[in-house]
Structures are given as structure tokens and as C-alpha cells.
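*Asks:* Structure of the sequence below:
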Amino acid sequence: MVIKNIGQHAIIIGASMGGLLAARALTDYYQQVTLLEQDIFPAPGLNRKGVPQDRHTHGLLAKGREVLEHFFPGITQELEAKTAVIGDVLQLSRWFAEGGYLQRNYSGLKGILVSRPLLEAQVRQRLLTLPNVKVIENCNVLGLVATEDHTRVTGVRLKHQGNSNAEEILNAELVVDASGRRSLSPVWLETLGYEKPHEKQVKVNISYTTRIYSRQPEHIQGDQAVIVTASYPSWRSGVLLAQEQEHWIVSIGGYFSDRAPTDEQGFLEFAKSLPTPDIYEVIKDAEPLSEPTLYKFPSSQRRCYEKLKRFPQGYLVFGDAICSFNPVYGQGMTITALEAIALQDCLSKGSQNLARRFFQAASKVVDIPWSMAVDGDLRIPQVQGKRSLMVRFINWYIGKLQVAAQQDLKVAIAFTKTVNLIAPPATLFSPWIVFRVLLGNLLQAKTAN
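*Replies:* Below you'll find the model as predicted:
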């Protein structure tokens with residue numbers, strides 16, 4: 001590998017998907033990249049203590065898969081060899097919205113259906129084969145080390161867990177906080193005399209319960225996924241996704257106090273209440289391979305680092321530490337991957353004003369999916385937030401578009417490309433799509449009458 005030398009050493013705080021992808025972007029520019037992780041990594045494919053959500057459904061959108069291939073060529077085939085399910089995201093998926101299924105056919109968008117533990121393990125394995133990457137497990141970062149005038153971060157204070165409990169200072173030209181939504185960066189910055197970033201929150205109080213089942217070839221006629229989006233009046237949603245080792249992973253849930261029970265009968269009854277029976281019809285007879293597990297997500301959260309007037313040199317914040325979304329939209333890992341591309345691009349232009357340039361680039365990555373998630377959540381009456389005329393119109397239009405997509409394959413493909421972050425949302429408002437949406441709804445109304 002050829003290193004375009006910016007510095008000798010970069011440190012990443014956190015070795016989850018965000019940290020792994022940030023580290024990969026840095027490997028082309030720093031002689032040594034060190035990942036600091038509080039967990040001890042489990043065997044490949046097993047759950048990790050520090051990622052409680054890894055027991056639940058994850059989605060890697062088509063754009064996310066493309067980025068993984070950019071950083072780790074051949075990783076799709078490697079995952080397929082480990083029995084992950086590869087397929088067209090529209091052709092073999094049943095997407096239920098606005099009372100019906102989207103039209104299905106070949107879309108050209110390749111997706112990976114794989115558990116979070118296996119995906120993360122494979123990315124970590126590929127990353128650690130690079131000669132300039134190392135990882136320190138079972139450690140906690142206590143804080144930042146900076147120059148006397150606090151204008152530059154020069155490293156971290158680190159505590160090793162286990163028998164020694166030793167503390168040390170680890171120096172680096174760049175420190176990247178990829179520690180997730182509970183990041184301590186706002187506190188650390190305040191300690192150094194900087195302002196905390198403005199924080200936006202949209203409380204959704206969503207919860208979902210997840211269970212693993214054995215997958216049989218006859219289930220849903222060989223399709224790979226069922227996606228049931230939240231809709232009026234219950235706002236319940238559910239997903240059933242094929243996984244490696246001939247498994248299904250099923251997550252069902254709702255907003256605020258509406259939770260899928262963790263007992264077997266209650267879980268089945270909740271699945272039966274969804275507006276389409278596909279998920280229930282599979283799991284009522286399928287062999288369960290795990291107990292139902294509940295996950296709660298209180299709010300979508302965005303920290304606006306791009307608006308800070310002052311920021312120390314030699315420091316960045318990355319991934320969920322910047323922005324974490326309502327997970328039902330499946331955007332998180334793909335947005336993190338796109339931030340890694342943005343970081344790589346910023347590094348290609350040198351280290352001067354790196355934080356300012358990266359936060360501006362990351363903001364552009366986040367803007368559209370943040371709006372998509374927040375606007376979508378504002379359809380639910382209990383979610384608090386400003387419902388401008390534009391937000392109301394967009395939600396109304398997307399509902400009509402999903403109705404048209406039940407009969408019109410071209411509309412369904414356009415919608416799928418947007419959801420998978422392949423095409424910008426503006427493409428859904430192009431004249432030819434608007435015409436097909438209006439025509440589709442007129443035909444639907446005539447058929448209903």
C-alpha cells in the first residue's frame with residue numbers, strides 16, 4: 001500500500017463500524033493508525049458487549065455496500081462465502097407501504113443481508129490485515145491531551161482495564177472520536193475551553209423486539225425480506241430479513257408506549273397485528289433460535305460541529321458521535337461509510353483546516369438522510385417537532401408516491417434508489433416521476449370505485 005504521508009500517528013477512539021471505517025480512510029495518510037476499544041473482541045459472528053443493538057436487525061443499504069467494496073475490494077464475495085445473502089434489493093424483497101406492496105423486479109441495486117456481528121467482524125478482519133493498523137482492546141479513554149494553549153489535541157489519556165489498570169498518555173498528530181452517540185467530545189471540548197456543539201433532538205421513543213428463527217426454502221416463496229413500514233392508525237412496523245446460516249432475523253415494534261412483548265405469545269400476537277400477514281405466517285411455525293430481545297431508542301440526535309467557530313487542531317468527531325438516526329430507516333452504517341469517503345477526500349487535500357473542512361463535508365452527508373428520517377417521523381402525531389407546510393407536503397407526496405409504486409415499477413425503482421442513498425430525493429420530484437405518481441393515484445381511485 002502507498003501512504004500519502006500527512007502524519008506519523010492517528011488514533012481512533014472506538015472500534016465499532018464507525019471507528020473501523022474511519023481508520024480505513026486514515027490508513028492511506030498516516031504511518032500508524034491505532035484503534036482504542038473498551039471491549040475485548042469476541043470470536044467472529046458473536047455479539048459484542050459494547051454494541052447492545054447488534055442483536056437486532058441491521059441494514060446496509062446498496063450505497064453502503066458500494067463504499068465497503070471501495071475500501072475492501074471483494075468483501076461482498078467474502079461475506080457471501082460465509083453464507084450472507086446477496087441479492088437485488090427490490091426483486092426479492094416485499095416492501096409494504098400505504099396499504100400495498102411495491103412493484104418488484106430487477107433494480108440493479110445489490111444488497112447484503114447479514115448480521116451486524118458477522119459484518120463488523122469481517123470489516124475488522126480486513127482492516128487489521130493492513131500493516132499500519134493496530135488495536136488496543138479492553139481500554140478506556142479518560143480524556144484528551146492538548147498543547148498548553150489548548151489549540152491542538154496531541155493525544156489521549158488511556159487506562160488499561162484488567163490486572164494492571166495502568167494509565168498512559170498516547171500521542172498522535174490526529175485523534176478521531178468514533179465512540180458513538182454517547183460520545184464525551186462535548187464535555188472534553190468544554191474542558192479545553194471550547195463551546196459545546198448545538199444539539200438537535202427528535203424524540204421518537206421507538207422500541208422493537210427481535211428474535212432469530214430458522215429459515216426454510218419454502219418461507220415466503222423464497223423471497224429474502226419483508227419490510228412493513230409504520231402507517232396510520234397503529235404506526236407499527238416490522239422487518240423479516242434473511243441472514244447467514246439459514247436464519248431469519250425478525251424485529252417488530254412501535255412508537256412511544258407501544259412495544260412488542262418479549263414473551264412468545266405476545267410477540268406472535270404483535271406480529272399478527274401488522275397490516276400484512278407475511279411476517280406472522282413465517283414465524284408462527286418457524287423454529288425460534290433465540291429469545292425475544294427488546295431494544296429502546298429514545299431520540300434521533302445531531303450535533304452541529306460544523307457551526308462551531310473554534311475547534312482544536314488535530315481532533316475530529318465521526319459517525320454516530322455526530323449524528324445518530326432512528327434505526328428503523330436503516331441508514332446509520334451507510335451514512336458512516338459515506339463520512340469515511342468524505343474524510344478520505346478531505347485528507348487528500350492535506351491536513352490544514354482539516355476539522356473545518358471535514359465537518360462541512362460530513363454535514364452535507366448527513367443533511368438529506370436526517371431530513372428523510374425526521375420528516376418521516378413527523379408523520380406520527382405524538383412526535384414533537386415543527387411541521388412546516390413543506391414537511392406536510394413532502395409526507396403527503398411520498399405517501400402518494402408509495403401508492404403509485406404499487407403498480408408502477410419505474411416509480412418503485414426510483415423510490416428504492418432514493419431509500420438506498422443511490423439517488424437524491426430530488427429525483428422523486430422530477431416531472432416524469434410526478435406525472436407517474438399522479439397518474440397512478442388516479443388509476444387507483446378509479447379501480448377502488
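*Asks:* Excluding chain neighbours, what is closest to the residue nearest the centre of the chain?
*Replies:* The centroid of the chain falls nearest to residue 332 when counting by C-alpha atoms, centre = their mean (1.5 Å). Ranked by C-beta to C-beta, 6 or more residues apart in numbering and with sequence neighbours excluded, the top spatial neighbour of residue 332 is residue 325, at 5.7 Å. Using the backbone N, CA and C atoms, a C-beta is placed for each residue, glycine as well.
*Asks:* same question, residue 328
*Replies:* residue 237 (5.9 Å).
*Asks:* burial of the one you found, as a residue count?
*Replies:* 21 (other C-beta atoms under 10 Å).
*Asks:* Surely it touches residue 260?
*Replies:* No: if you go by C-beta atoms under 8 Å, residue 237 and residue 260 don't touch, sitting 10.1 Å apart.
*Asks:* Okay, strands next: where are they in the stretch 51-200 of the chain?
*Replies:* Ranges of strands within the stretch 51-200 of the chain are 85-88, 93-97, 100-101, 110-113, 133-136, 139-146, 153-160, 167-171, 174-177, 198-214, based on DSSP state E, counting those that start in this stretch.
*Asks:* Residue 378: which of these is closest?
*Replies:* Proximity to residue 378 (C-beta to C-beta) singles out strand 198-214 among the strands of the stretch 51-200 of the chain, at 8.0 Å.
*Asks:* so how far is whatever helix or strand comes next after the closest one from its chain's centroid?
*Replies:* Using DSSP states H and E, the next helix or strand after strand 198-214 towards the C-terminus is strand 225-228. Centroid separation for strand 225-228 versus its chain: 17 Å, with C-alpha atoms, centre = their mean, to the nearest Å.
*Asks:* Could you do stretch 243-260 as well?
*Replies:* Between the centre of stretch 243-260 and the centre of its chain there are 16 Å (C-alpha atoms, centre = their mean).
*Asks:* rewinding a little: shared neighbours of residue 237 and residue 260, anything?
*Replies:* Common contacts of residue 237 and residue 260 (C-beta atoms under 8 Å, 6 or more residues apart in numbering): 208, 252-254.
*Asks:* Output those residues as TSV; include the columns neighbour count.
*Replies:* Output for the shared contacts of residue 237 and residue 260, formatted as TSV (neighbours: other C-beta atoms under 10 Å):
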residue	neighbour count
208	25
252	28
253	26
254	22
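*Asks:* I'd say residue 350 and residue 5 touch.
*Replies:* No: between residue 350 and residue 5 there is no contact under C-beta under 8 Å: 10.9 Å.
*Asks:* Strands of the stretch 201-350 of the chain, residue ranges please.
*Replies:* Ranges of strands in the stretch 201-350 of the chain, per DSSP E, counting those that start in this stretch, are 225-228, 237-243, 247-255, 293-304, 315-317, 323-324.
*Asks:* what's the closest non-adjacent residue to residue 311?
*Replies:* That would be residue 355: by C-beta to C-beta, 6+ apart, it lies 4.7 Å from residue 311.
*Asks:* For the one you found, which residues are in contact?
*Replies:* Neighbours of residue 355 in contact, by C-beta under 8 Å, 6+ apart: 305, 311-313, 315-316.
*Asks:* From residue 80, how far off is residue 293?
*Replies:* Going from residue 293 to residue 80 by C-beta to C-beta, to the nearest Å gives 27 Å.
*Asks:* longest helix in the protein, by residue count?
*Replies:* Ranked by residue count, the top helix of the chain under DSSP state H comes out as helix 354-377.
*Asks:* can you pull the buried residues of that helix?
*Replies:* 354-355, 357-359, 361-363, 365-366, 368-370, 372-377 (16 or more other C-beta atoms under 10 Å).
*Asks:* cool, and stretch 409-424?
*Replies:* Result for stretch 409-424 [16+ other C-beta under 10 Å]: buried residues 411-423.
*Asks:* Give the rounded mean pLDDT of that stretch.
*Replies:* For stretch 409-424, mean pLDDT rounds to 95.
*Asks:* How far off centre is it?
*Replies:* With C-alpha atoms, centre = their mean, you get 18 Å for stretch 409-424.
*Asks:* Stretch 9-19 now?
*Replies:* Worked out by C-alpha atoms, centre = their mean, stretch 9-19 lies 17 Å from the chain centre.
*Asks:* Just the C-alphas of it, formatted as CSV.
*Replies:* This file holds the C-alpha atoms of stretch 9-19, laid out as CSV (Å, rounded to 0.1, in the frame of the first residue of the first chain):
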residue,chain,number,x,y,z
HIS,A,9,0.3,8.5,14.0
ALA,A,10,-3.5,8.8,14.2
ILE,A,11,-5.7,7.5,17.0
ILE,A,12,-9.4,6.3,16.6
ILE,A,13,-11.5,6.2,19.8
GLY,A,14,-13.9,3.3,19.3
ALA,A,15,-13.6,0.2,17.1
SER,A,16,-17.2,-0.3,16.1
MET,A,17,-18.3,0.2,12.4
GLY,A,18,-17.7,3.9,12.6
GLY,A,19,-14.2,3.5,14.0
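*Asks:* any low-confidence regions in the chain?
*Replies:* 1-3, 449 (pLDDT under 70).
*Asks:* at 90 what do you get?
*Replies:* 1-7, 42-60, 161-167, 231-234, 257, 325-332, 384-386, 443-449 (pLDDT under 90).
*Asks:* quick check: domain ranges of it?
*Replies:* Annotated domains of the chain cover 7-73+118-200+300-373, 87-115+202-297, 389-448 [automatic domain parsing].
*Asks:* and residue 382, which of the ones you listed is closest to it?
*Replies:* domain 87-115+202-297 (5.3 Å).
*Asks:* In this structure residue 9 contacts residue 156, no?
*Replies:* No: using C-beta under 8 Å, residue 9 makes no contact with residue 156, being 11.4 Å away.
*Asks:* neighbour count winner among those two?
*Replies:* residue 156 (23 against 17).
*Asks:* list the contacts for the more buried one?
*Replies:* Applying C-beta under 8 Å, 6+ apart, the residues near residue 156 are 11, 13, 36, 141-145, 169-170, 172, 175.
*Asks:* For the residue lying closest to it once chain neighbours are set aside, name its beta-bridge partners.
*Replies:* Spatially, and ignoring its direct neighbours in sequence, residue 156 is nearest to residue 141 (5.0 Å; C-beta to C-beta, 6+ apart). Applying DSSP bridges to residue 141 yields these beta-bridge partners: residue 158.
*Asks:* count of neighbours near residue 141?
*Replies:* Going by other C-beta under 10 Å, the residues that sit close to residue 141 add up to 21.
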